[in-house]
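Colleague: Got a predicted structure here, sequence first:
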There are 4 protein chains.
Amino acid sequence: MSDKSAKPHPIEPRKAPRQARSNATVDAILEAAAHILREEGLVPFTTNAVAQRAGASIGSLYQYFPGKDAILTELIRRKRQTMLDAIRLAARETRSRPFAEAVDRLIAAGIAHQLDDPQVSRALEYAESTLPLHTETHELKMAIVAEVSATFAARGFSEPEIAAHDVVALTRGMIDTAGLYGETDASSLTDRVRRAVTGYLKTAPKVSRT
Amino acid sequence: MSDKSAKPHPIEPRKAPRQARSNATVDAILEAAAHILREEGLVPFTTNAVAQRAGASIGSLYQYFPGKDAILTELIRRKRQTMLDAIRLAARETRSRPFAEAVDRLIAAGIAHQLDDPQVSRALEYAESTLPLHTETHELKMAIVAEVSATFAARGFSEPEIAAHDVVALTRGMIDTAGLYGETDASSLTDRVRRAVTGYLKTAPKVSRT
Amino acid sequence: MSDKSAKPHPIEPRKAPRQARSNATVDAILEAAAHILREEGLVPFTTNAVAQRAGASIGSLYQYFPGKDAILTELIRRKRQTMLDAIRLAARETRSRPFAEAVDRLIAAGIAHQLDDPQVSRALEYAESTLPLHTETHELKMAIVAEVSATFAARGFSEPEIAAHDVVALTRGMIDTAGLYGETDASSLTDRVRRAVTGYLKTAPKVSRT
Amino acid sequence: MSDKSAKPHPIEPRKAPRQARSNATVDAILEAAAHILREEGLVPFTTNAVAQRAGASIGSLYQYFPGKDAILTELIRRKRQTMLDAIRLAARETRSRPFAEAVDRLIAAGIAHQLDDPQVSRALEYAESTLPLHTETHELKMAIVAEVSATFAARGFSEPEIAAHDVVALTRGMIDTAGLYGETDASSLTDRVRRAVTGYLKTAPKVSRT
DNA sequence: TATGAATGAGCGTTCATTCAT
DNA sequence: CATGAATGAACGCTCATTCAT
């Protein structure tokens, strides 16, 4: 986000990450950050504003985060980790169930995480594209796709990665737009997303089993 | 002393670019703006940077655009107008052709406009959500959906607006992601988008014809 | 994108200067502001110039004052408060003395405050007329006139407010001009102002006492 | 007003002054300038705004005035010349009349010129103090005082210049303030000013005639 | 550790002025 | 002469970041 590329501002939290991630101040900062993103967007998202809302001093904020970008990165990381956990759970629990059910659970997980707090999701999504590539968040992203891909592979699709990317992409597109229009009824949206995903998958190439 | 609150900063371009010279400057500015959005994103998108890249002085920029937002708005307006024109043409030319062909043309139009310059598209999309609502660009957005919706209605779908929104959304989601991953092969993407769209529409509710 | 209209720029100082350090900065800023007004006028009176002369960063200036206007307003407020205090003291101390003495003390107070730093006074006077109306400074102005008015009323003048306005106005006119011509001898000026004021008051309408 | 003291911007009109002063464009510019000063003040008084309101191009404005300051200067010059003419007429016509009448005519002239258009007067007054000293307007100012001074000298006052300065100053102070408070009734004001002036003069030192 | 005053590069924008047409 | 597009220095102000306390 910030441009002062002259000075090295690492993106990793300053403290040992595990501690930092469970500290009350850190949580307050992230909560405040999400709040501002949700209510006001990426432009009024300033470190001073975040610190103030978190009830922390700006100095404290910099004690836990090396810079503005790091806050956004950690927000992304957490959101994505939650998503990955949900997807993994869904995959595990539907491994021996009909495929339709597996797909449904995947979609439900996506909707649960994207439709709740759509402005924050949107802001983070855009922010990420302007941030220097961050290994961990990127790996989480790949892991989500990999998880979906594994589910598809297990069901005999021959190009599971492509299918996974596409399914994730179209799902996100639909949910994003729904969020933008203030849609909050998950059930209608779930149904429509399912129709698109199912339709897509029906015609996806399968491994020929002879 | 300060005049701040007195003068609003409208989003409409300041002068109708009537003369060739003016037009050239306006175009140079918009081109420069797109370039910066494409190469660097929304954060380094500053009026001075745009002017410099356009080979114009900052004063000239402000002669044609009342502010930074207006440049973004005009970029959105133009992009959307082009898209609308393409969609309208596609709709007109396929009115008496098989539905599959109509859908294909719609998708092709979407891909042509979104896959070309995906970073700019993404930046503008996010920018729009932070801009004060601009009537004309908003109407163009609605017009695009309306056009798709009309096509669907003509084919007997009973909830054409919802279908239109969803189709546009999932298409954009897929193209966006493809652009993000550097995919440039339109034909494969077209095929996959078609599968999702077709699958979605196949199960969409139709008007019961008695 | 731009936030302009969202945040108003109040005129009140941003933080109550509680700590010694803060107070020192505020004072340095106000001193620097007065200096620039005195030596160069309202045009070169810029926030950056003030900050620089105050030995503070522009950021610090904005930590204590929400904008340029606020600096001018505070300067006016302080000057006027001092003046009001002096006038009140003069009035209190001459309540049971001959009227001539009361008038003399009033004039002396006016001269003491206006003849010292006449360029600053002149600049602030003009500045005020271009500033949005500020309640506190306006009330101080009215309080000064009210104080003079009360003195006149106590001495039986039947239109004390008009007399007060006129006396203040003519006194200020004379002192202003004297300051403009570099006059610094208070005693000659005092004498001349007294003659005008006394002459004016001698013919002012009085409550008929029967 | 402008600070770019590096480049020599003479204040004299570019054209032979007499012509310039009677040109229709010049008049339109000055009228527009006065209008803006009156309605909006010194801050929005910009060359482009003046030209636009005058229905002239900014280029034309610069054909007749070498800069912004020159417009203000010419406005001052004209106002002052009119005032001087009126004062001279008043002096001439009351030379052989009672002194009280002479004073009355002087005051009437002052009120006529200052109370009409008080915002413009105030703006010009402040502007002048920030402008580089301009010979002609300064001489006009002196001439006005000299005229009043001559009137006083002819009536036997021993320090006519001081008296003239003071009378002009207090009169201006009173009228200014009246204008600021929106007073438009000249007759009451005239009366009050007369009382101050008369009172002042009654006690002014006279040449002892033996 | 926590604090928050201080910093200053840099942003969006204005406007006096020039000059090619 | 008139035009008005172009210029760019300079303004008011913000905000990411530092560091003395």
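Modeller: Received the coordinates, thanks. Because the structure is predicted, anything quoted here is derived from the model rather than measured.
Colleague: Run the contact check for the longest helix along chain A versus DNA strand F.
Modeller: When chain A is parsed with DSSP state H, its longest helix is helix A:68-93. Yes - under the criterion of CB under 7 Å from any atom of the strand, DNA strand F is reached by helix A:68-93 at A:68-69. Quick note: C-beta positions are derived from backbone N, CA and C, even for glycine.
Colleague: need the next SSE after that helix, C-terminal direction.
Modeller: helix A:99-114 (DSSP states H and E).
Colleague: For A:Ile144, which non-adjacent residue is closest in space?
Modeller: Nearest-residue entry for A:Ile144: A:Leu84, 5.2 Å, with adjacent residues in sequence omitted and distances by CB to CB, 6 or more residues apart in numbering or on different chains.
Colleague: Repeat that for A:Thr171.
Modeller: A:Gly110 (4.9 Å).
Colleague: Let me see the confidence value for that neighbour.
Modeller: What the model reports as pLDDT for A:Gly110 is 93.
Colleague: for A:Pro10, same thing?
Modeller: 47.
Colleague: try the one 5 residues further on
Modeller: In this prediction, A:Lys15 carries a pLDDT score of 44.
Colleague: can you give me the helices for chain A?
Modeller: A:17-22, A:24-39, A:47-54, A:58-64, A:68-93, A:99-114, A:118-130, A:135-154, A:160-180, A:186-202.
Colleague: Between those helices, which one is closest to DNA strand E.
Modeller: Proximity of these to DNA strand E was assessed by CB to the nearest atom of the strand; the nearest stretch is helix A:58-64, lying at 2.1 Å.
Colleague: Next, the buried residues of that closest one.
Modeller: Within helix A:58-64, the residues scored as buried using 16 or more other CB atoms under 10 Å in any protein chain shown are A:60-64.
Colleague: Over to stretch A:126-136?
Modeller: A:126-128, A:130-131, A:134, A:136.
Colleague: Which residues does it contact?
Modeller: A:1, A:11, A:42, A:69, A:72-73, A:76-77, A:137, B:41-43, B:119, B:122-123, B:126, B:180 (CB atoms under 8 Å, 6 or more residues apart in numbering or on different chains).
Colleague: Please export the C-alpha coordinates of it as CSV.
Modeller: Taking C-alpha atoms only, stretch A:126-136 is exported to CSV below (Å, rounded to 0.1, in the frame of the first residue of the first chain):
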residue,chain,number,x,y,z
TYR,A,126,-8.0,-5.2,-3.8
ALA,A,127,-5.4,-4.3,-1.2
GLU,A,128,-3.7,-7.6,-1.8
SER,A,129,-3.2,-6.9,-5.4
THR,A,130,-1.3,-3.8,-4.6
LEU,A,131,0.8,-5.3,-1.8
PRO,A,132,4.1,-6.9,-2.4
LEU,A,133,3.6,-10.6,-2.7
HIS,A,134,3.4,-12.2,0.7
THR,A,135,4.5,-15.7,0.9
GLU,A,136,2.2,-17.0,3.6
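Colleague: check whether that stretch contacts DNA strand E.
Modeller: No - shown here: stretch A:126-136 not in contact with DNA strand E (CB under 7 Å from any atom of the strand), separated by at least 14.0 Å.
Colleague: for chain A, which spans come out with low pLDDT?
Modeller: A:1-22, A:209-210 (pLDDT under 70).
Colleague: quick one: the closest residue to A:Lys68 other than its chain neighbours and C:Asp117, what's the gap?
Modeller: The shortest distance from A:Lys68 to any residue other than its chain neighbours is 5.2 Å, reached at A:Thr47 (CB to CB, 6+ apart). Relative to C:Asp117, A:Thr47 is positioned 41 Å away (CB to CB, to the nearest Å).
Colleague: same question, A:Ile162
Modeller: Computed as CB to CB, the A:Ile162 to C:Asp117 distance reads 78 Å.
Colleague: from chain A, which residue is nearest to chain B?
Modeller: For chain A and chain B, the shortest gap (CB to the nearest CB) falls at A:Gly199, measuring 1.1 Å.
Colleague: Most tightly packed of the helices of chain A?
Modeller: Of all the helices of chain A, helix A:160-180 carries the top mean neighbour count, a mean of 23, counting by mean count of other CB atoms under 10 Å in any protein chain shown.
Colleague: ok, now how distant is the closest residue to A:Glu39 other than its chain neighbours from A:Phe45?
Modeller: Nearest residue to A:Glu39, sequence neighbours excluded (CB to CB, 6+ apart): A:Gln119, at 7.9 Å. Taking CB to CB as the measure, A:Gln119 falls 11 Å from A:Phe45.
Colleague: who touches both of those two?
Modeller: Common neighbours of A:Gln119 and A:Phe45 (CB under 8 Å, 6+ apart) are A:Leu37.
Colleague: DNA strand F versus the closest residue to A:Ala90 other than its chain neighbours, what's the distance?
Modeller: Leaving aside its sequence neighbours, A:Ala90 sits nearest to A:Arg105 (CB to CB, 6+ apart; 3.8 Å). For A:Arg105, the distance to DNA strand F (CB to the nearest atom of the strand, to the nearest Å) stands at 39 Å.
Colleague: Identify the residues contacting A:Arg105.
Modeller: A:90-91, A:93-94.
Colleague: How about A:Met174?
Modeller: A:Met174 sits next to A:189, A:192-193, A:196, B:166, B:169-170, B:173 when contact means CB under 8 Å, 6+ apart.
Colleague: Nearest to chain D among these?
Modeller: After measuring the contacts of A:Met174 against chain D - CB to the nearest CB - the closest member comes out as B:Ala169, at 46.8 Å.
Colleague: Need the contact partners of stretch A:47-54.
Modeller: So stretch A:47-54 is contacted by A:25, A:28-29, A:31-33, A:35-36, A:57-58, A:60-62, A:67-68, A:71 (CB under 8 Å, 6+ apart).
Colleague: now it: how far from the chain's centre is it?
Modeller: The gap between where stretch A:47-54 is centred and where its chain is centred comes out at 23 Å by CA atoms, centre = their mean, to the nearest Å.
Colleague: any bit of it sitting next to DNA strand F?
Modeller: Yes - with CB under 7 Å from any atom of the strand as the criterion, DNA strand F is reached by stretch A:47-54 at A:47-49.
Colleague: For the residue nearest in space to the middle of chain A, which non-adjacent residue is spatially closest?
Modeller: What sits nearest the mean C-alpha location of chain A, by CA atoms, centre = their mean, is A:Arg80, with 3.8 Å. Leaving aside its chain neighbours, A:Arg80 sits nearest to A:Leu140 (4.1 Å; criterion: CB to CB, 6+ apart).
Colleague: Might you report the residue contacts of the one you found?
Modeller: Going by CB under 8 Å, 6+ apart, A:Leu140 touches A:77, A:80-81, A:84.
Colleague: What of A:Ile144?
Modeller: Per CB under 8 Å, 6+ apart, neighbours of A:Ile144: A:80, A:83-84, A:87, A:168.
Colleague: Just to check, A:Arg38 is in contact with A:Ser121?
Modeller: No - contact criterion CB atoms under 8 Å: A:Arg38 and A:Ser121 do not qualify, at 9.6 Å.
Colleague: check contacts around A:Thr137.
Modeller: A:Thr137 touches A:73, A:76-77, A:80, A:128, counting by CB under 8 Å, 6+ apart.
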